[in-house]
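> below are the sequence and a predicted model for it; my questions follow.
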Amino acid sequence: MSKKSMWTLKLSTAAIALIPAAIGINYLGKLFAGLLKLPLWLDSIGTILSSMLAGPIIGALSGIINNVIFGVTVDPISTVYAVTSGAIGLVVGIMAYKGWLKNLKTVIVVGLVVGFIAAVISTPLNLIFWGGQTGNVWGDAFYAFLVSKDFPVWLASFGDSIVVDVPDKVATVIISYFIFKGLPKNLISIFRGKDKIEEL
């Protein structure tokens, strides 16, 4: 991918078509985690995969639109976290462009970075809308523990986010990476606009 292509606004129709697919994958991941009562969200697989395939703009759009749709159809508060999802898409897209998808070790580093950034962005939102909690059983238990030990609420909220977001994003980035590695190279090149396909 050339330097211009990472931020280009002349996005291929294939890349744009990736957005609804990414949203569908996000929904499936969230449903899967919910049904199995996992201590993870798994609701960013589509966002992260689209960032790996088509760059930070498509990744960010996938994350933002996903949260807006989920907010309109299921949970209104979800719309507020569109900023977190957008940041996830941007960070993964940039790190993928910079060559951080070399192997499993570097992919784990990407997951750690994304998890930390997600926690930093989400903490003030959690404080405003949820009194500092995330709604995740494991995270909220850690929050309660920290509060009982007289930690400041903001720090307990950050701890709540960290224990959920970091493992979740590491797992999500790893899952997305293996899906990405399993795709044919010619398919990846289409999403990145290398082939002569119709462009907007």
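Thanks, I have the structure now. For clarity, every value in this text was computed on a predicted model and none was experimentally measured.
> quick one, grab the pLDDT at E199.
With respect to pLDDT, E199 scores 36.
> quick one: low-confidence parts of this structure?
1-5, 7-11, 193-200 (pLDDT under 70).
> now the helices for it?
Taking DSSP state H as the test, the helices found in the chain are 3-7, 13-35, 45-54, 56-73, 82-97, 104-130, 137-148, 153-182, 185-191.
> most packed of these?
Each of the helices of the chain was assessed for mean neighbour count using mean count of other Cβ atoms under 10 Å. The highest is helix 45-54, with a mean of 29. (C-beta placed from N, C-alpha, C; glycine too.)
> counting contacts, what elements does it pack onto?
helix 13-35, helix 56-73, helix 82-97, helix 153-182, helix 185-191 (3 or more Cβ pairs under 8 Å, 6 or more residues apart in numbering; DSSP states H and E).
> rerun at 6 Å
Packed against helix 45-54 by the contact rule (3 or more Cβ pairs under 6 Å, 6 or more residues apart in numbering; DSSP states H and E) you find helix 13-35, helix 56-73, helix 82-97, helix 153-182.
> what's the nearest residue to the spatially most central residue of the chain if we skip its chain neighbours?
Nearest residue to the geometric centre of the chain (Cα atoms, centre = their mean): S44, 3.9 Å. Nearest non-adjacent residue to S44, counting by Cβ to Cβ, 6 or more residues apart in numbering: T172, 5.1 Å away.
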